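Asks: Just the structure for this:
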Amino acid sequence: MNEIIFLVEDAPEGGYIARALQTAIFTEADDIEDLYNKVRDALDCHFEPANKPKIIRLHFVREEVIAA
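Replies: The predicted structure is shown next:
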């Protein structure tokens, strides 16, 4: 696996929730900088160095509700 994609959403209590699409990796963070660090840390814990993806894509999804 050369790249991994995370779906990133706003957490209900604030901050962000990130979940990998290709594998069972999940992390939470308070801000963007913390998110970057926690995603990298999660990959370090999940993959051996030789198998770790070289590219991390963060796909931000935002749900907005508006009055009709």
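Asks: need the helices for this protein, in chain order.
Replies: 32-46 (DSSP state H).
Asks: Stretch 22-32: which residues count as buried?
Replies: For stretch 22-32, the neighbour count (16 or more other CB atoms under 10 Å) marks Ile25, Thr27, Ala29 as buried. Glycine gets a C-beta too; all of them are placed from N, C-alpha and C.
Asks: And for stretch 51-62?
Replies: Pro53, Ile56.
Asks: and that stretch, average pLDDT?
Replies: For stretch 51-62, the mean per-residue pLDDT is 95.
Asks: Now do that stretch: distance from first to last residue.
Replies: For stretch 51-62, the first-to-last residue distance is 31 Å (CA to CA, to the nearest Å).
Asks: how far away is Glu48 from Phe26?
Replies: Separation of Glu48 from Phe26 (CB to CB, to the nearest Å): 19 Å.
Asks: what's the answer for Val61, then?
Replies: Note on Val61: its distance to Phe26, by CB to CB, is 15 Å.
Asks: quick one: the residue nearest the centre of the chain and Ala24, what's the gap?
Replies: Nearest to the geometric centre of the chain sits Ala18, at 3.2 Å (CA atoms, centre = their mean). Going from Ala18 to Ala24 by CB to CB gives 13 Å.
Asks: tell me the strands in this protein, going along the chain?
Replies: For the chain, applying DSSP state E gives strands covering 3-10, 16-20, 26-29, 55-61.
Asks: And these: which comes nearest Ala67?
Replies: Proximity to Ala67 (CB to CB) singles out strand 3-10 among the strands of the chain, at 19.8 Å.
Asks: For that closest one, which helices and strands make contact with it?
Replies: Judged by 3 or more CB pairs under 8 Å, 6 or more residues apart in numbering; DSSP states H and E, the packing partners of strand 3-10 are strand 16-20, helix 32-46, strand 55-61.
Asks: in the longest one, what counts as buried?
Replies: When burial is assessed from 16+ other CB under 10 Å, helix 32-46 yields the following buried residues: Leu35, Lys38, Val39, Ala42, Leu43.
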